[in-house]
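> Sharing a model prediction with you, sequence too.
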Amino acid sequence: MIRLEKIKKEFNGKRIIPELTIAFSEKEINTIYAPSGAGKTTLMRIIAGLDKHFSGKRIISTSKIAYLFQEDRLFPWYTARQNIEVITNRKEDYENWIEILELGEHLDKYPNELSGGMKRKLMLAITFLSDFDIMILDEPFKGIDHKSKEKIIYYIKENAKEKTILLISHEMEEIKMMGGLVWKFNERMERQQE
């Protein structure tokens with residue numbers, strides 16, 4: 001369960017999130033879209049338990065939450081392979097993701113040797129190889145070409161059917177490709193017609 005009751009967030013007297021009540025569907029893809037700066041990331045940080053400075057009630061049925069941030073968070077002194085293994089605590093059984101994300105020839109490179117799109121693919125691999133019930137993806141496909149994006153989204157949909165995914169995007173193409181439930185981020189958090 002992911003339920004927020006009368007969540008309100010202000011910063012320096014500015015309202016970031018109004019008094020918002022919403023329940024997201026479990027074991028489904030939930031896409032939240034709005035223009036940049038609308039407060040989507042703040043909302044996801046509250047859901048993930050990273051932002052505790054708000055009023056209202058947060059009800060989450062699990063502590064297993066994987067979060068792909070907008071910015072890449074990699075250890076610069078580790079190679080791509082070492083980042084995967086250290087962060088996910090997995091030494092094997094990640095070959096499928098390496099193939100899908102086309103990381104094979106880049107595993108022994110350090111983050112500063114990777115392109116922006118390749119860093120993003122590495123972050124996606126790390127996120128999906130984590131132990132999670134809920135996954136939050138904040139603008140996950142920036143810097144990734146259309147063909148790779150299609151392939152990744154197909155693989156996500158096939159391999160995360162028993163997981164709850166919250167995707168933040170302002171790209172309608174990505175939202176249509178992901179499918180699932182679509183929410184427009186505003187004061188009422190309106191559910192869009194499918």
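That came through, no problem. This is a predicted model, so every value here is computed, not measured.

> The spatially most central residue of the chain is in what secondary structure piece?
In the chain, the centroid-proximal residue (C-alpha atoms, centre = their mean) is residue 137; its distance is 0.9 Å. Element membership for residue 137, per DSSP states H and E: strand 134-138.

> got it, and residue 43?
Assigned by DSSP H and E, residue 43 belongs to helix 40-48.

> Settle this for me: residue 108 is touching residue 78, isn't it.
No - using C-beta atoms under 8 Å, residue 108 makes no contact with residue 78, being 10.8 Å away. Just so you know, the C-beta spots here come from the backbone N, C-alpha and C atoms, and that holds for glycine as well.

> Looking at those two, which is more packed in?
Each of residue 108 and residue 78 has its neighbours counted (other C-beta atoms under 10 Å); residue 78 has more, 15 against 10.

> show me where pLDDT drops low in this protein?
Scanning the chain for pLDDT under 70 picks out 35-38, 185-194.

> how does it look with 80?
By pLDDT under 80, the low-scoring segments of the chain are 1, 11-16, 18, 25, 34-40, 91-94, 159-161, 170, 180, 183-194.

> Pull the number of nearby residues for residue 16.
18.

> and it, what does it touch?
Taking C-beta atoms under 8 Å, 6 or more residues apart in numbering, we find residue 16 in contact with 9, 10, 39, 42.
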